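S.K.: Take this sequence and fold it.
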Amino acid sequence: MEDIESLFNELYDLFRAGGLSLSGLSEMKGRELDLEKMFKAGVLRKSQLEDGKYYLGKCRNAIVAKWSAEKQKFTYMRTKFNQTFPETINHPEDDNGYDLFVPIRKIIPMPKEVITNGK
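M.R.: Next up is the predicted model:
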């Protein structure tokens, strides 16, 4: 498995090549995303995602999330106020004006990234 630094470099290179800024994605509330530009830069479409698989990507609070085909959402482990719990988040194709998980690659998660009951 590749090291996390290599994966991040790939993520940033894909976004730069497409003229996108990773840091701006979670601040894009109220703005329409240019999905085709994102897909050309390497962002995975929902149709490319596999149920129950984990993906490297970007949102405000995580870099790894698990895709649920049934829910049509990602889930990631969030820590807030010393509590860790699963939280769901949309794919860019389902932009609802809130934070989105932008997936770029299927990965094997680290133990702390595996979805649990939050315990």
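S.K.: need the helices for the chain, in chain order.
M.R.: Ranges of helices in the chain, per DSSP state H, are 4-17, 22-25, 35-40.
S.K.: So for the longest one, mean pLDDT?
M.R.: Averaging pLDDT along helix 4-17 yields 61.
S.K.: can you check stretch 55-65 too?
M.R.: Mean predicted lDDT for stretch 55-65 stands at 91.
S.K.: Okay, now it: how far is its last residue from its first?
M.R.: By CA to CA, to the nearest Å, the extent of stretch 55-65 from end to end equals 5 Å.
S.K.: what's next to that stretch, contact-wise?
M.R.: Contacts with stretch 55-65, where a contact means CB atoms under 8 Å, 6 or more residues apart in numbering, come from 7-8, 11, 22, 25-26, 43-44, 49, 54, 66-67, 74-78, 87, 89, 99-107, 109-110, 113. Quick note: C-beta positions are derived from backbone N, CA and C, even for glycine.
S.K.: From residue 74, how far off is residue 59?
M.R.: From residue 59 across to residue 74, the span is 8 Å (CB to CB, to the nearest Å).
S.K.: More neighbours: those two, which one.
M.R.: Neighbour count, other CB atoms under 10 Å: between residue 59 and residue 74, residue 74 has more, with 26 against 22.
S.K.: Find the residue closest to the more buried one in space, skipping its chain neighbours.
M.R.: Closest residue to residue 74 apart from its sequence neighbours, by CB to CB, 6 or more residues apart in numbering: residue 65 at 3.7 Å.
S.K.: can you list the weak-confidence ranges in this protein?
M.R.: Filtered on pLDDT under 70, the chain yields the residue ranges 1-33, 117-119.
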